[in-house]
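Asks: here's a sequence, model it:
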Amino acid sequence: MSKLTKKQKVVYAKLDLNKQYKLTEAAALLKEVTFTKFDASVDIAVRLGVDPRKANQMVRGVVTLPHGTGKTVRVLVLCTPDKEAEAQAAGADHVGLDDYLEKIKGGWTDIDVIICTPSVMAKVGTLGRVLGPRGLMPNPKTGTVTMEVGKAVQDVKGGKIDFKVDKQGIVHAAIGKVSFETSKIVENAQELLNTVVKLKPQALKGTYMKSVYLSSTMSPGLCVDMKSIGAAD
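Replies: Residues are numbered from 1 along each chain as shown. As a prediction, this is how the structure comes out:
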């Protein structure tokens, strides 16, 4: 972090990085301690007591954040011509098939989400090496392989995100922007946490949710008191 100004030092003096904050407190403090010239993202990190290497302890899901992410989501729909008008009407940024597959083969990935119809999945699957590492591969489980391309576009644009636990057992997600009202950050966080709780693997023994941290793009992580989110177990 760059050198702090006097104002920043005063604000940082309020922080106790060993303290567990109520979710509302953490969200409000984040707004105070984020000093970026841009509207920083608010991120949540949920450490789970799962072993992601075991298939029966994999945690993956989708959630629609009530107030969206605050981010403009660029959507590509890969489909046959009969579905193009539906995708365009729903607000997709790019619609097509073979020409976009060629662009992606050439290294173009200037998009956030790809939605496709089941019939073209075989073609899309050949680009797994490019799309997989970037988290762009469509998946029926997250609603991005569907015949209802219009609804899928609207859902993604309206704040639907997918998440999965990483190799360290942590779920990371962007749940808004620092410019959001505190109550909206809290409601988005709670919605994601409620969804993670519902996905607790039956095979798991011991504590499921170990810790929750809230941070922004340029702030320290604030530890959230589990009791304040109704997720203590």
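
Asks: which stretches of the chain form helices?
Replies: In chain order, the chain shows helices spanning 6-13, 23-33, 84-89, 98-105, 121-125, 128-131, 149-157, 182-198, with DSSP state H as the criterion.

Asks: do you know which of those helices lies nearest Ser215?
Replies: helix 23-33 (7.1 Å; CB to CB). Where you see a C-beta, it was placed from the backbone N, CA and C, and this is true even at glycine.

Asks: what's near enough to touch the residue nearest to the spatial centre of the chain?
Replies: By CA atoms, centre = their mean, the chain has its centre lying nearest to Ala173, at 3.6 Å. Applying CB atoms under 8 Å, 6 or more residues apart in numbering to Ala173 gives the contacts Asp43, Ile44, Ile161, Phe163, Leu192.

Asks: which among the residues you listed gets closest to Val212?
Replies: Nearest to Val212 among those is Ile44, at 6.7 Å by CB to CB.

Asks: buried residues in the helix or strand of the chain with the lowest mean pLDDT?
Replies: One helix or strand of the chain scores below all others by mean pLDDT, DSSP states H and E: helix 6-13, with a mean of 74. Within helix 6-13, the residues scored as buried using 16 or more other CB atoms under 10 Å are Val11, Tyr12.

Asks: related to what we said a few turns ago, by neighbours, which of the contacts of Ala173 wins?
Replies: Using other CB atoms under 10 Å as the neighbour criterion, Ile44 leads the contacts of Ala173 with 25 neighbours.

Asks: chain neighbours aside, what residue packs nearest to Lys167?
Replies: Distances taken as CB to CB, 6 or more residues apart in numbering put Pro52 closest to Lys167, at 6.0 Å, once the chain neighbours are dropped.

Asks: distance of that neighbour relative to Gln168?
Replies: Going from Pro52 to Gln168 by CB to CB, to the nearest Å gives 8 Å.

Asks: higher neighbour count, these two?
Replies: The neighbour comparison of Pro52 against Gln168 (other CB under 10 Å) goes to Pro52, with 17 against 10.

Asks: in contact with the more buried one: list those residues for me.
Replies: Shown in contact with Pro52 (CB under 8 Å, 6+ apart): Met58, Val59, Val165, Asp166, Lys167, Gly169.

Asks: test my guess that Val62 contacts Lys164.
Replies: No - using CB atoms under 8 Å, Val62 is not in contact with Lys164, being 10.0 Å away.

Asks: what's around Ile104, how many residues?
Replies: By other CB under 10 Å, the residues close to Ile104 number 20.

Asks: show the pLDDT at Lys3.
Replies: The per-residue pLDDT reported for Lys3 equals 67.

Asks: so what does the least confident helix or strand of the chain touch, helix or strand wise?
Replies: helix 23-33 (3 or more CB pairs under 8 Å, 6 or more residues apart in numbering; DSSP states H and E).

Asks: just the buried ones from the contacts of Pro52, in PyMOL syntax?
Replies: One line in PyMOL is enough to select the buried members of these, burial here meaning 16+ other CB under 10 Å:
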select buried, resi 59+165+169
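
Asks: what is the nearest of the contacts of Pro52 to Lys9?
Replies: Nearest to Lys9 among the contacts of Pro52, counting by CB to CB, is Asp166 at 33.8 Å.

Asks: surely the closest one touches Gly135?
Replies: No - with contacts counted by CB under 8 Å, Asp166 stays clear of Gly135, the gap being 11.1 Å.

Asks: need the contacts of Ala173 in TSV with pLDDT and distance to Gln154, can you?
Replies: Listed next are the contacts of Ala173 as TSV, based on pLDDT from 0 to 100; distance: CB to CB, whole Å:
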residue	pLDDT	distance to Gln154
Asp43	96	25
Ile44	97	24
Ile161	91	14
Phe163	92	20
Leu192	96	20
